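Peer 1: Okay, predicted coordinates and the sequence, questions at the end:
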Amino acid sequence: MLKTFLRTLPVAARAQIKAPGAPGLRAMGIRTFYTGSPNHRAQTLDGSAPGIPVEWTNVDPYSAFQVNGHRGFLPSEDPLVRLPPRFAVLEDLLVRMPLRQDDGAPGLLAHGELGPAVHRELPNYDVTNEEDPHVLMALFRDYTFLASAYLLEPCHHQFVRTGDYGLGRTLLPRVIAQPLETVAAKIGAKPFMEYAQSYALYNYRLKDPDAGITYPNLALVRKFSGCPAEHGFILVHVAIVSHSARLVEQALAALRAVGQHDRMAFNRALTIYRDTLGAINEVMSSMWTRSKSEDYVSFRTFIMGTKNQPMFPDGIHFEGAPAETNPRRYRGESGANDSIIPTSDNLFQLTARMPENPLTQTLRDFRSYRPRNHHAFVSHVEQEATRAQVREFAMQDPVSTALYVENVDWIRAFRHQHWQMTKEYIIRHTTHPVATGGSPIVTWLPNQLEAVLNVINETTAKLRVADLPVDHRQRIEDIMARADTQYRVLGREVKELQLRFPNVEAARPQPTA
Ligand code: HEM
């Protein structure tokens, strides 16, 4: 089986794995769940984890993020918590950095001392020889934390004083810029803070290594603020994504079932997918209690991007980088870079039903800010669902149609709750027109929510509800009534908010990097 797997890798990768003294697949972050030959159930090389269908092959076998039915969108191994000792100064700066340190004392950011400390203390570490995927990922996490803290430190203080973000630092010093650029190139990321590879999914540790990835067992590695709301905000994302393995597995199972015209297998996959989305929505609800809404803006400043943001009207410069590569503009960290909703949108062919407008362009642009294997998986699901015509296949059978609608309704529920959170955590506390990822705050999220409500309305209009088995019938009737009301309320809300945010057009699209 190992031979079969090796044949699926690029030549250079094969040579490296087979080289004498090579660290082995696991140490290289390669946890495979595919055999490379079609129509087989996938197997793990160590024979331990549940398999997924083989149609999917991770495009980057070296990445610390392998998408599979064992870990879903989480990294293949829990994040590296501490950097190797040779990076002691960087480690020490990050420990002293948060507004409130672990011992309760104010950290460097609290008094605007991070910038001077970077200039005074940080050497220009040479990272060109770093190859271990987990060390690379930890370095990426840590340099992106430091870069964002450095660039946005003045904005934090201005916001605390005046409620306005003012201007950020625009020159990223070479001691951060150069190693960050090198590490980012090695892992195929943009050299800026990102949701999966830095802020959220590579930023947790297990309090008890033998217990599972559940919220109570999670702690943060890096922080900007150190307040409980920041802890809750980041780790609820991780707890949500801990359910994603099921989705990956069942998305592929559903695609395969369509290919084989296997109605029972399709309905089974959609049932498990639906119930997993239900569980995800439940964890999402825990955000309300685990991260207090009134505290969100106190740590949010540090996850802002440099694209479409008034704090960086001319972008930022990487010191020492070739002139033609400056200035840079990158979207900030955002849950929009999570892969659960994009995968679901693609599986149920919702992305294709989003309106053609700049807001939908933004949705696609967000998809490039994620690990290579996440991006490839999201695209793979889109291509395969389009090729197989998942929606069309579902519509040929009343129970499949009901299951399709019940899944889409959980996507609606996610977006609806998420929109309530955005109003409560952000819009209630600031008139800043742009979200951390650079999207216009009052129109972008409703663009997608409205499209999903449209799909529910269109699909249920074609369904003979009376013919459904009784449990589906009740659910579909509830879904129809709710979608109708939410559609009307959303339209009214957005109109009102646009009046309150006349400056929302400030979020005009800008070129990336
Ligand atoms: C207090 C909690 C949250 C708030 C205030 C919030 C806020 C936002 C905002 C403002 C956006 C717009 C994009 C941008 O940043 O420019 C966004 C997008 C997004 N966020 Fe969140 N978010 C929260 C929690 C979460 C969680 C826990 C997840 C789950 C992983 C998540 C997933 C997403 C997704 C998928 C999008 C894209 C929306 C779409 O496709 O319609 N968010 N979020």
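Peer 2: Thanks, I have it.
Peer 1: Contact partners for the spatially most central residue of the chain?
Peer 2: For the chain, Asp338 is the residue whose C-alpha lies nearest the centre (CA atoms, centre = their mean; 2.1 Å). Neighbour list for Asp338: Phe73, Tyr195, Ala196, Ala200, His237, Ile240, Val241 [criterion: CB atoms under 8 Å, 6 or more residues apart in numbering]. All C-beta atoms are positioned from the backbone trio N, CA, C, and that covers glycine.
Peer 1: Gly259 too?
Peer 2: Gly259 touches Ala388, counting by CB under 8 Å, 6+ apart.
Peer 1: Give me the residues contacting stretch 217-231.
Peer 2: 79, 81, 94, 97-102, 107, 109, 141-142, 145, 148-149, 203-208, 211, 234-235, 238-239, 291-292, 295-296, 298-299, 302-303.
Peer 1: The residue nearest to the centre of the chain and Val95: what is the separation?
Peer 2: In this structure, Asp338 and Val95 are 27 Å apart, going by CB to CB, to the nearest Å.
Peer 1: And His418, by the same measure?
Peer 2: On the measure of CB to CB, His418 and Val95 end up 33 Å apart.
Peer 1: do Ala239 as well
Peer 2: The gap separating Ala239 from Val95 is 25 Å, by CB to CB.
Peer 1: So the two - more neighbours on which side?
Peer 2: Neighbours were tallied for Ala239 and for Val95 using other CB atoms under 10 Å; the higher tally belongs to Ala239 (22 against 15).
Peer 1: Assign the more buried one to helix, strand or coil.
Peer 2: Here Ala239 is recorded as helix under DSSP: H, G, I helix; E, B strand; the rest coil.
Peer 1: okay, now the closest residue in space to it that isn't next to it in sequence: neighbour count?
Peer 2: Setting aside the residues directly before and after it, Ala239 is nearest to Tyr215 in space (CB to CB, 6 or more residues apart in numbering), at 4.3 Å. By other CB under 10 Å, the residues close to Tyr215 number 15.
Peer 1: residues in contact with Tyr215?
Peer 2: Here Tyr215 is in contact with Leu235, Val236, Ala239, Val283, Ser286, Arg290 (criterion: CB under 8 Å, 6+ apart).
Peer 1: Can you get me a residue count around Asp365?
Peer 2: 18.
Peer 1: and whatever helix or strand it lives in, what other elements does it pack with?
Peer 2: Taking DSSP states H and E as the criterion, Asp365 maps to helix 358-366. Applying 3 or more CB pairs under 8 Å, 6 or more residues apart in numbering; DSSP states H and E, one finds that helix 358-366 contacts helix 444-461.
Peer 1: is the helix it packs on up against the ligand anywhere?
Peer 2: Yes: interface with the ligand: helix 444-461 contributes Trp444, Leu445, Gln448 (CB under 6 Å from any ligand atom).
Peer 1: just curious, which of these is nearest to Ser368?
Peer 2: Nearest to Ser368 among the residues of helix 444-461 next to the ligand: Trp444, at 16.4 Å, using CB to CB.
Peer 1: quick one: the closest one from Glu496, how far?
Peer 2: Going from Trp444 to Glu496 by CB to CB gives 16 Å.
Peer 1: repeat for Asp478
Peer 2: Relative to Glu496, and taking CB to CB, Asp478 is found at 27 Å.
Peer 1: Check Val127 too.
Peer 2: According to CB to CB, Val127 and Glu496 sit 50 Å apart.
Peer 1: Of these two, which one has the most company?
Peer 2: Taking other CB under 10 Å, Val127 and Glu496 do not tie; Val127 has more neighbours (19 against 11).
Peer 1: need the contact list for the closest residue to that one other than its chain neighbours.
Peer 2: Distance criterion CB to CB, 6+ apart; nearest residue to Val127, sequence neighbours excluded, is Pro179 at 4.6 Å. Contact analysis of Pro179 by CB under 8 Å, 6+ apart lists Asn124, Tyr125, Asp126, Val127, Leu139, Tyr143.
Peer 1: Try it again at 7 Å.
Peer 2: With contact set as CB atoms under 7 Å, 6 or more residues apart in numbering, Pro179 has these partners: Tyr125, Val127, Tyr143.
Peer 1: Identify each buried residue in the one helix or strand it maps to, please.
Peer 2: For Pro179, the host element (DSSP H and E) is helix 174-187. The neighbour-count criterion (16 or more other CB atoms under 10 Å) identifies Val175, Ile176, Ala177, Gln178, Pro179, Leu180, Glu181, Thr182, Val183, Ala184, Lys186, Ile187 as the buried residues of helix 174-187.
Peer 1: Ok, stretch 313-320 next?
Peer 2: Under 16+ other CB under 10 Å, the buried positions of stretch 313-320 are Gly315, Ile316, His317, Phe318.
Peer 1: Out of the residues you listed, which two are the most distant from each other?
Peer 2: Farthest-apart pair in the buried residues of stretch 313-320 is Gly315 and Phe318; separation 10.2 Å (CB to CB).
Peer 1: element containing Ser148?
Peer 2: helix 133-162.
Peer 1: Return the nearest residue of the stretch 1-150 of the chain with respect to the ligand.
Peer 2: Among all residues of the stretch 1-150 of the chain, Phe73 sits closest to the ligand, at 9.5 Å; criterion: CB to the nearest ligand atom.
Peer 1: Next: the stretch 251-400 of the chain.
Peer 2: Counting by CB to the nearest ligand atom, the stretch 251-400 of the chain gets nearest to the ligand through Gly335 (2.6 Å).
Peer 1: and that residue, how many residues sit next to it?
Peer 2: Around Gly335 there are 21 residues (other CB under 10 Å).
Peer 1: Let me see the contact set for it.
Peer 2: With the criterion set at CB under 7 Å, 6+ apart, Gly335 makes contact with Tyr195, His237.
Peer 1: what does Gly491 give?
Peer 2: Applying CB under 7 Å, 6+ apart, no residues contact Gly491.
Peer 1: Could you list the residues of the stretch 101-250 of the chain in contact with the ligand?
Peer 2: Applying CB under 6 Å from any ligand atom, we find that the stretch 101-250 of the chain lies next to the ligand at Val236, His237, Ile240.
Peer 1: From Asn281, how far off is the last one?
Peer 2: Read that as Ile240. 9 Å.
Peer 1: what about those two, which has more around it?
Peer 2: Using other CB under 10 Å as the criterion, Ile240 and Asn281 rank with Ile240 on top: 24 against 17.
Peer 1: measure the residue lying closest to that one once chain neighbours are set aside to Arg412 for me?
Peer 2: Using CB to CB, 6+ apart and skipping the chain neighbours, the partner closest in space to Ile240 is Val283 (4.9 Å). Counting by CB to CB, the separation of Val283 from Arg412 is 17 Å.
Peer 1: Neighbour count for the two, which is higher?
Peer 2: Between Val283 and Arg412, counted using other CB under 10 Å, the more crowded position is Arg412 (23 against 19).
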